[in-house]
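Trainee: just need the structure, nothing else, for what follows:
(4 chains)
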There are 2 protein chains.
Amino acid sequence: MTESAQSAFVAPNLAVSTVIFTLRPDADGKLKVTLPLVRRIRAPFDGQWALPGGPLNITEDLSQAASRNLLETTGLEPRYLEQLYAFGSLDRSPGSNLADRVVSIVYWALVGSDEAAAAIESENIRWFEADRLPQLAFDHNQIVDYALGRLRNKLAYARIAHSFLAETFTLAQLREVYEAVLGRELDPGNFRRMVEGDGIVEPTGERLAGTRHRPPQLYRATNTATGETK
Amino acid sequence: MTESAQSAFVAPNLAVSTVIFTLRPDADGKLKVTLPLVRRIRAPFDGQWALPGGPLNITEDLSQAASRNLLETTGLEPRYLEQLYAFGSLDRSPGSNLADRVVSIVYWALVGSDEAAAAIESENIRWFEADRLPQLAFDHNQIVDYALGRLRNKLAYARIAHSFLAETFTLAQLREVYEAVLGRELDPGNFRRMVEGDGIVEPTGERLAGTRHRPPQLYRATNTATGETK
DNA sequence: GCGCTTAAAGTCAGAATGACACTAAGATGA
DNA sequence: TCATCTTAGTGTCATTCTGACTTTAAGCGC
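Mentor: Residues are numbered from 1 along each chain as shown, chains lettered A, B, ... in the order given. Sure, this is the predicted structure:
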């Protein structure tokens, strides 16, 4: 009844996939939530774009598998990594044989915008704006939507926004992250009050020079363990 | 790279387990969060208590598997059911062979207190107060703690509390649910204001008679789809 | 009818939030 | 040099939300 090995049982296959978010400026210079997709080179959905992923190695933890295929796909390390959901509906791959059924444990990750600029890109790996995705393989459009919801929600109460930025940053840069993720503009004064009140950042004492206006204070994220705790 | 069947691959086994919550009065008549556990009858952890669960049938959805083992364990149907987390650490079953590795996709469920009173109970199926658990098999103590956290958190913003109650109920009964789950007393006036403001209940027009004081209004939950939407 | 108990409504102060105004400090250019 | 532009950073005000508490309503038991 309860868990233990049942090798004789016809079990569904287990895969781990990852929704990897970063921010990239679009043509107008506005930051947009962006993610890498991989072109499938076999049936089903041959030729269509899909989330990076693959089977879980028997020797690795779930989050390790997610980190590994993040590295394989983009050449990058995650700044934040958290399990999203396990997708296992019977109709995920329409028309396929039951024996080919795949249960995907999906993670979502944040990578720094600075690093992401140097990420792997090729004929079969391309980065897309999250709100301008083509039709993806399997149920991957739904998965991305769900991950976006989680990202937006989590931004409100968790200290994750700085994961998109470098070690130090101005409040305007941090606010741009919020605005890009939430898709709306925020009042600079109120944003400053919120951020300072929550103590999620601390001033470095240095200022950013070279702007064409009053030089802003540089901040860093206050020291908090990030990523999943499980 | 991406997902599709890999039968030749040595894959971890996949199980679905369920944390089933209900409320039961303790010796003092106070409602307590309570859940059923199953005694293991084989190694590893032979004889210890564990969450109900079992392998995922190739023909059923994840949530169906959770519902099924809820029914098999308790004889009940869930009033609310949601995926909790997928647990897959390598060290979940200390000392066991890699080939026996199990990844558990865990659901959590709410069942009505009225129905739960008539649930199956036996030598090998017993209900425990959530904050007085013995040492459980595998990582199941951690899983229950995580589920409790999710329950408490979700109570604050989702319409789930009525899942513990019958079709109609008084605000005092609903408040008792909140108090039992959150583990602290709530101000009756403020609770009423909150509940009415959020529009999560509507008066039936009837009153509960037979109390030894002013007869309270009966309410029902406003019509909202409950349970997971995925 | 009197006192007990809980229902239900109302009051008040402090915290959090959104909209907005105002001052500070640099660069730019006439 | 100095007015102007731009963003940094501070401050104000009204609204809403929240927790603590008060007051009145309406049944029951005696």
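Trainee: from now on I want contacts and neighbour counts done on CA atoms only, so please keep to that.
Mentor: Fine.
Trainee: which stretches of chain A form helices?
Mentor: Secondary structure of chain A, counting by DSSP state H: helices at A:62-74, A:113-116, A:140-157, A:171-182, A:188-198.
Trainee: show me what from chain A comes close to chain B.
Mentor: A:1-7, A:10-15, A:40, A:44, A:50-62, A:83, A:85-86, A:88-90, A:98-102, A:105 (C-alpha under 8 Å from any C-alpha of the partner chain).
Trainee: what is the mean pLDDT for the longest strand along chain A?
Mentor: When chain A is parsed with DSSP state E, its longest strand is strand A:13-25. In this model, strand A:13-25 has a mean pLDDT of 96.
Trainee: would you mark the buried spots in that strand?
Mentor: Neighbour-count burial for strand A:13-25, counted by 16 or more other C-alpha atoms under 10 Å in any protein chain shown, picks out A:13-24.
Trainee: including distance to A:T224, could those residues go into CSV?
Mentor: Written out in CSV, the entries for these read as follows (distance: C-alpha to C-alpha, whole Å):
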residue, distance to A:T224
A:N13, 36
A:L14, 33
A:A15, 31
A:V16, 27
A:S17, 26
A:T18, 24
A:V19, 23
A:I20, 22
A:F21, 21
A:T22, 21
A:L23, 22
A:R24, 25
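Trainee: which one of those residues sits closest to A:I143?
Mentor: Here the nearest of the buried residues of strand A:13-25 to A:I143, counting by C-alpha to C-alpha, is A:V19; it sits at 8.2 Å.
Trainee: next up, the contacts around that closest one.
Mentor: Contact analysis of A:V19 by C-alpha atoms under 8 Å, 6 or more residues apart in numbering or on different chains lists A:35-36, A:51-52, A:106-109, A:144, A:147.
Trainee: run through the bridge partners of it.
Mentor: Beta-bridge partners for A:V19, by DSSP bridges, are A:W108.
Trainee: what about it, distance to DNA strand D?
Mentor: As for A:V19, its distance to DNA strand D is 31 Å (criterion: C-alpha to the nearest atom of the strand, to the nearest Å).
Trainee: how about the residues of chain A near DNA strand D?
Mentor: Counting by C-alpha under 7 Å from any atom of the strand, the residues of chain A close to DNA strand D are A:170-172, A:188-190, A:192, A:212-217.
Trainee: give the PyMOL command for selecting the buried subset of the residues of chain A next to chain B.
Mentor: Buried residues among the residues of chain A next to chain B (16+ other C-alpha under 10 Å), as a PyMOL selection:
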select buried, chain A and resi 2+3+4+5+6+11+12+13+14+15+40+44+50+51+52+53+54+55+56+57+58+59+61+62+83+85+86+88+89+90+100+101+102+105
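Trainee: strands - which of the residues of chain A next to chain B land there?
Mentor: In strands, judged by DSSP E, the following of the residues of chain A next to chain B are found: A:13-15, A:50, A:53-55, A:83, A:85-86, A:102, A:105.
Trainee: in TSV: those, plus distance to A:L76.
Mentor: What follows is these, written out as TSV (distance: C-alpha to C-alpha, whole Å):
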residue	distance to A:L76
A:N13	27
A:L14	24
A:A15	20
A:A50	18
A:G53	15
A:G54	17
A:P55	20
A:Q83	18
A:Y85	22
A:A86	24
A:V102	26
A:I105	20
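Trainee: from these, which is closest to DNA strand C?
Mentor: Sorting these by how near they are to DNA strand C, with C-alpha to the nearest atom of the strand, puts A:Q83 at the top with 26.1 Å.
Trainee: what pairs with that closest one across the strands?
Mentor: Partner residues in beta bridges with A:Q83, using DSSP bridges, are A:Y107.
Trainee: contacting residues for it?
Mentor: Listed by C-alpha under 8 Å, 6+ apart, the contact partners of A:Q83 are A:63, A:105-108, A:228, B:85.
Trainee: may I see the buried residues of stretch A:66-79?
Mentor: Neighbour-count burial for stretch A:66-79 flags A:66-70, A:73-74, A:76-79 (criterion: 16+ other C-alpha under 10 Å).
Trainee: relative to the whole chain's centre, how far out is it?
Mentor: Using C-alpha atoms, centre = their mean, to the nearest Å, we find the averaged C-alpha position of stretch A:66-79 to lie 11 Å away from the chain's own average C-alpha position.
Trainee: skipping adjacent residues, who's closest to A:E185 in space?
Mentor: Counting by C-alpha to C-alpha, 6 or more residues apart in numbering or on different chains, the nearest residue to A:E185 once its immediate chain neighbours are dropped is A:E179, at 5.4 Å.
Trainee: what's the burial count for that neighbour?
Mentor: A count of nearby residues for A:E179, using other C-alpha atoms under 10 Å in any protein chain shown, gives 16.
Trainee: quick check, it in contact with A:F191.
Mentor: No. Checked against C-alpha atoms under 8 Å, the pair A:E179 and A:F191 is beyond contact range at 10.6 Å.
Trainee: if A:E129 is in a bridge, with which residues?
Mentor: Beta bridges link A:E129 to A:T34 when assigned by DSSP bridges.
Trainee: number of nearby residues for it?
Mentor: Using other C-alpha under 10 Å, A:E129 has 19 other residues around it.
Trainee: how about the one 3 residues further on?
Mentor: Summarising burial for A:R132: neighbours were counted as other C-alpha under 10 Å, giving 8.
Trainee: list the contacts for it?
Mentor: Taking C-alpha under 8 Å, 6+ apart as the definition, A:R132 has no contacts.
Trainee: return the member of the buried residues of strand A:13-25 nearest to DNA strand C.
Mentor: A:L23 (23.1 Å).
Trainee: next one: the nearest residue to the closest one once chain neighbours are set aside relative to chain B, how far apart?
Mentor: In this structure, A:L23 finds its nearest non-sequential neighbour in A:V33, 4.7 Å apart by C-alpha to C-alpha, 6+ apart. Taking C-alpha to the nearest C-alpha, to the nearest Å as the measure, A:V33 falls 23 Å from chain B.
Trainee: is it correct that A:V33 is in contact with A:I20?
Mentor: No. Contact criterion C-alpha under 8 Å: A:V33 and A:I20 do not qualify, at 9.9 Å.
Trainee: so where is chain A shaky, pLDDT-wise?
Mentor: By pLDDT under 70, the weakly predicted segments of chain A are A:1-10, A:225-230.
Trainee: now do A:A43 against B:A166, distance only.
Mentor: Computed with C-alpha to C-alpha, to the nearest Å, the distance linking A:A43 and B:A166 is 49 Å.
Trainee: which one's more surrounded, the two?
Mentor: Ranked by neighbour count (other C-alpha under 10 Å), A:A43 and B:A166 place B:A166 first, with 13 against 10.
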